[in-house]
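sequence and predicted model, in that order:
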Amino acid sequence: MNNIAIYCGASEGNNLKFKETTMQVGQWLADQGIGLVYGGGGVGLMGILAQATLDAGGSVHGIMPEELFKREVAYKGLTELEIVDNMSIRKARMLESADGCITLPGGPGTLEEASEAFSWAVIGDNSTPVTFLNVNHYYDSLINMFDEMTINGFLAETDRNKLFFSDSLDEIYAFMVSYTPPAVRTYHRD
């Protein structure tokens, strides 16, 4: 693992545990010698993550769409900041630049990015593992939703097993290093 993409909120949320865990993730990345790839923001959990990683001596590569860069929401002082044309390109570049993905608490954008990364894995367009750091049970409802997709025949159990939720960075790392991408989904007409 050279680089890990982290999806997280542009807000801090209202639970101090989110901020504390985000700071621990930054320290953990630096301690492991793993570079951070993230959305480039300087606000919310995004800014906290970048600062914690840099403070611990880590490397931080931000990838930000031009429209957000023009709003001056970029974190100043990153190891590298890449400006791209739009959000779709940002998401693709983050996956191309990373060996795995960890999702921290966040809002609809965070969920959308992680869900797309997993969806792309199922169809064969993303070979990196997608994980969720389930801070303070934040993603319990999402775990249930993916389980319901499986129970109801919308997600194969073998694919469901390729999406990992844990409250432990060590467990997430172990999942990532032993990960094999899902078999590319095929379709059959009745």
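Ah, there it is.

how would you label residue 93: helix, strand or coil?
Secondary structure, DSSP: H, G, I helix; E, B strand; the rest coil: residue 93 is helix.

got a list of contacts for stretch 174-185?
1, 4, 99-100, 121-124, 126-129, 131, 156, 158-159, 162, 164, 166 (CB atoms under 8 Å, 6 or more residues apart in numbering). For the C-beta atoms, the positions are set from N, CA and C on the backbone; glycine is no exception.

apply 10 Å and report the result again.
For stretch 174-185, contacts defined as CB atoms under 10 Å, 6 or more residues apart in numbering pick out 1, 4, 34, 99-102, 118, 121-131, 156, 158-166, 168.

and those, which of them are in strands?
4, 101, 102, 130, 131, 163, 164, 165, 166 (DSSP state E).

format these as CSV; extra columns: pLDDT, distance to residue 10 and neighbour count.
Converted to CSV, the ones in strands among the contacts of stretch 174-185 look like this (pLDDT from 0 to 100; distance: CB to CB, whole Å; neighbours: other CB atoms under 10 Å):
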residue, pLDDT, distance to residue 10, neighbour count
4, 98, 19, 26
101, 98, 17, 25
102, 98, 17, 27
130, 98, 20, 26
131, 98, 20, 25
163, 96, 23, 22
164, 98, 24, 19
165, 98, 22, 17
166, 98, 24, 17
